[in-house]
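Enquirer: below is the sequence, then the predicted model.
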Amino acid sequence: MAKILFVSSEVHPLSKTGGLADVSASLPQALAELGHEVRILTPAYGDTLERLGAVPERSDWRDPVAGTTTRLRETALPDIEVPVWLLDAPGFSDRSGNPYLDAQGRPHPDNAERFDLLARTATAIAGGLGGLGWQPELIHCNDWQTGLVPVRMLQHRIPGATVFTIHNLAYQGLFPASAFGSLDLPQWLWTMDGLEFHGQLSFMKGGVGFADRLTTVSPTYAQEIRTPAHGWGLEGLLNRRAAELTGILNGIDHRFWDPSSDAFLPAHYDVRDLRGKAANKRRLQAELGLSQDPKAPLLGFISRLADQKGVDLLLEAIGDLLEQDLQIAVLGRGEAAYERALQRLASNHPDRIAVRIGFDEGLAHRVEAGADMLLMPSRFEPCGLNQLYSLRYGTVPVVRAVGGLADSVVDATPAHLESGRATGVTFQDATGSALLEAVQRALALYTQPELWRRLQRNGMRQDFTWQRSAARYGEVYEEALAERRRI
Ligand code: ADP
């Protein structure tokens, strides 16, 4: 069992823009339950501190690069025994809202400095920061925001191991070359084998190039990112490191996502008794102003509104979808053009399409519970959590077979229905017509209540708990620690 510092730029419920936040609360807890000694390190954004009120300070020091005083505060998360260390420093605590973007949706101009400070703080903790009385043997880094941790560890010869998890390779933390100079990094890193990426500074390359071990969030995505189609220019480096790269599917946390106890739901249900699901559908239709029709299939879509998620495929298919007797509930926020297009559709068909633009945790749970199907026509999907939640909630996922979606949803082919393995409907092509065809297949199953129930129950019985995945991370930690000992 190891001492692990888990570093992440978002941790639910302190801050969240996507799945990373959920993972960063649940995986550390599952690791602790296996016997590891874990601490979480995450920035204290302004609104986090406002919500928490007075948070005790554990340590402070003057960061030599930023030239400012940086504080570590300690807090606890609900139902989680792992202590959380909040990095309280200018650049984080004086900004609220989105961790990466300003109110106009533009990246903060000092993101390189902000997240390098996170890396330097992790390194300082590994080096034995005063006031903490605790040093990790291994730092688990997550996505580009932590990409400089392995680099700073090597630069300062701190003797801990590092594991870097790619949650989404599409976001690489690219900055102009001038940022490299301002971060006071050793010049030898400004090469193709270091942090340079076509004339820019890449935080992602720090993690991918220098961590002792790499993981990503599904076995299929681990293969996909080694190809030009999904490698975003890093496929060569990832192929060189293929022996050190492992795909581990994310889990779901039943303390927050379980239809038999979910605090956001008006009615509860489980695999033995699904009656509460109908009540959730009724209430959701009322909440969203959809017509109160228990028979009309209700299709959910909960997502960042970005190209990755195939919003355009949904928009392409929606005209034809509306020819069928069905309803659609969309919850999301993101690119303005997608937001506008969806809102226009909703205003033309208010009783059949409901669109809520924004981030609403409670509504996300209620859509998962109240919808009959959940659509995920993603262009690429490292893991995807919503389809795992859908399976648990008896909401049949209709997904494009990529990344973690391919690893978690079993298509309702006649053979899979026969053998009891089917849990959803999958399709291959990233086109509106392929999505439409998949929904039509799902609708055909929906008209056969017994078959549909079976599909729902198969999904609800799947085991996507964190315990199994956390044990796999434990094996990767062992490898990284063994490698450090060898060096
Ligand atoms: P990604 O991390 O790429 O955005 P995931 O499927 O891995 O996608 O995780 C998305 C997480 O964010 C899920 O917990 C989902 O419920 C949540 N989510 C996405 N959009 C919204 C929204 N608009 N309101 C509330 N929750 C959302």
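Expert: Perfect, I can see it now. Numbers count the residues shown, from 1 in each chain.

Enquirer: so where do the strands sit in the stretch 151-300 of the chain?
Expert: All strands of the stretch 151-300 of the chain, identified by DSSP state E, counting those that start in this stretch, fall at 161-166, 174-175, 196-197, 200-202, 213-216, 245-247, 298-305.

Enquirer: just checking, Ala278 touches Pro294?
Expert: Yes: contact criterion Cβ atoms under 8 Å: Ala278 and Pro294 qualify, at 6.4 Å. In this view, the C-beta of every residue, glycine as well, is placed from N, C-alpha and C.

Enquirer: more neighbours, those two?
Expert: Neighbour count, other Cβ atoms under 10 Å: between Ala278 and Pro294, Ala278 has more, with 13 against 9.

Enquirer: quick one: the more buried one from the ligand, how far?
Expert: When distance is defined by Cβ to the nearest ligand atom, to the nearest Å, Ala278 is 22 Å away from the ligand.

Enquirer: what about Asp325, how many residues nearby?
Expert: For Asp325, the neighbour count with other Cβ under 10 Å is 11.

Enquirer: the domain parsing of the protein - what is it?
Expert: Domain assignment for the chain, taken from automatic domain parsing, gives 3-251+467-486, 275-463.

Enquirer: say whether the ligand is contacted by the host helix or strand of Leu31.
Expert: Element membership of Leu31, judged by DSSP states H and E, is helix 19-33. Yes: shown here: helix 19-33 in contact with the ligand (Cβ under 6 Å from any ligand atom) through 19, 22.

Enquirer: give the buried residues for that helix.
Expert: Buried residues in helix 19-33, counted by 16 or more other Cβ atoms under 10 Å: 19-32.

Enquirer: with stretch 34-45 instead?
Expert: Buried residues in stretch 34-45, counted by 16+ other Cβ under 10 Å: 36, 38-45.

Enquirer: could you list the low-confidence segments of the stretch 51-200 of the chain?
Expert: Filtered on pLDDT under 70, the stretch 51-200 of the chain yields the residue ranges 97.

Enquirer: and the helices in it?
Expert: For the stretch 51-200 of the chain, the helices defined by DSSP state H, counting those that start in this stretch occupy 111-126, 148-155, 177-182.

Enquirer: now these in CSV, with distance to the ligand?
Expert: Formatted as CSV, the helices of the stretch 51-200 of the chain follow (distance: least, Cβ to the nearest ligand atom, whole Å):
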stretch, distance to the ligand
helix 111-126, 18
helix 148-155, 21
helix 177-182, 25
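
Enquirer: which positions in the protein make contact with the ligand?
Expert: Selection of the chain residues close to the ligand by Cβ under 6 Å from any ligand atom yields 18-19, 22, 302-304, 331-333, 359-361, 364, 383-386.

Enquirer: how does it look with 5 Å?
Expert: Applying Cβ under 5 Å from any ligand atom, we find that the chain lies next to the ligand at 18-19, 304, 331-332, 359-360, 364, 384-386.

Enquirer: now which of these would you call buried?
Expert: In the residues of the chain next to the ligand, burial by neighbour count holds for 18-19, 304, 331-332, 360, 364, 384-386, counting by 16+ other Cβ under 10 Å.

Enquirer: re earlier: the residues of the chain next to the ligand in helices, which ones?
Expert: Those of the residues of the chain next to the ligand mapping onto helices are 19, 364, 386, per DSSP state H.

Enquirer: check the spacing between Leu132 and the ligand real quick.
Expert: Separation of Leu132 from the ligand (Cβ to the nearest ligand atom) stands at 30 Å.

Enquirer: now swap in Val271 and tell me
Expert: Where the ligand is concerned, Val271 sits at a distance of 21 Å (Cβ to the nearest ligand atom).

Enquirer: now do that residue, the pLDDT please.
Expert: In this model, Val271 is scored at 97, pLDDT.

Enquirer: hang on, the earlier thing: need the helices of the stretch 51-200 of the chain in TSV with mean neighbour count, can you?
Expert: Below are the helices of the stretch 51-200 of the chain laid out as TSV (neighbours: other Cβ atoms under 10 Å):
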stretch	mean neighbour count
helix 111-126	24
helix 148-155	25
helix 177-182	15
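
Enquirer: grab the nearest non-local neighbour of the closest residue to the ligand within the stretch 51-200 of the chain.
Expert: Here the stretch 51-200 of the chain gets closest to the ligand at one residue, Asn168, 6.0 Å apart by Cβ to the nearest ligand atom. Distances taken as Cβ to Cβ, 6 or more residues apart in numbering place Pro382 nearest to Asn168, at 5.2 Å, with adjacent residues excluded.

Enquirer: ok, now Leu305?
Expert: Per Cβ to Cβ, 6+ apart, closest to Leu305 is Gly334, 3.1 Å.

Enquirer: pretty sure the one you found sits against Ala306.
Expert: Yes: the pair Gly334 / Ala306 is scored as a contact, 5.1 Å apart, by Cβ under 8 Å.

Enquirer: just the terminal-to-terminal distance for stretch 347-358.
Expert: Taking Cα to Cα, to the nearest Å, stretch 347-358 runs 17 Å from one end to the other.

Enquirer: mind listing what's buried along that stretch?
Expert: Neighbour counts over stretch 347-358 (16+ other Cβ under 10 Å) mark 352-357 as buried.

Enquirer: of those residues, closest to Arg468?
Expert: Among the buried residues of stretch 347-358, Arg356 lies closest to Arg468 (Cβ to Cβ), at 33.9 Å.

Enquirer: how about Ile139: which residues does it bridge to?
Expert: In this entry, Ile139 is beta-bridged to Leu5, Thr162, by DSSP bridges.

Enquirer: and it, what does it touch?
Expert: Contact analysis of Ile139 by Cβ atoms under 8 Å, 6 or more residues apart in numbering lists 4-5, 7, 122, 126, 149-150, 153, 160-163.

Enquirer: again, only this time at 6 Å
Expert: For Ile139, the contact set (Cβ atoms under 6 Å, 6 or more residues apart in numbering) comprises 5, 122, 149, 160, 162.

Enquirer: also Gly91?
Expert: Residues in contact with Gly91, defined by Cβ under 6 Å, 6+ apart, are Arg114.

Enquirer: check the gap between it and Gln467 for me.
Expert: For Gly91, the distance to Gln467 equals 37 Å [Cβ to Cβ, to the nearest Å].

Enquirer: Serialize the buried residues of helix 19-33 to CSV and add fields for pLDDT.
Expert: Below are the buried residues of helix 19-33 laid out as CSV (pLDDT from 0 to 100):
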residue, pLDDT
Gly19, 89
Leu20, 96
Ala21, 95
Asp22, 92
Val23, 95
Ser24, 97
Ala25, 94
Ser26, 95
Leu27, 97
Pro28, 97
Gln29, 96
Ala30, 96
Leu31, 97
Ala32, 97
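
Enquirer: between those, which is closest to the ligand?
Expert: Using Cβ to the nearest ligand atom, Gly19 comes nearest to the ligand of these, at 2.5 Å.
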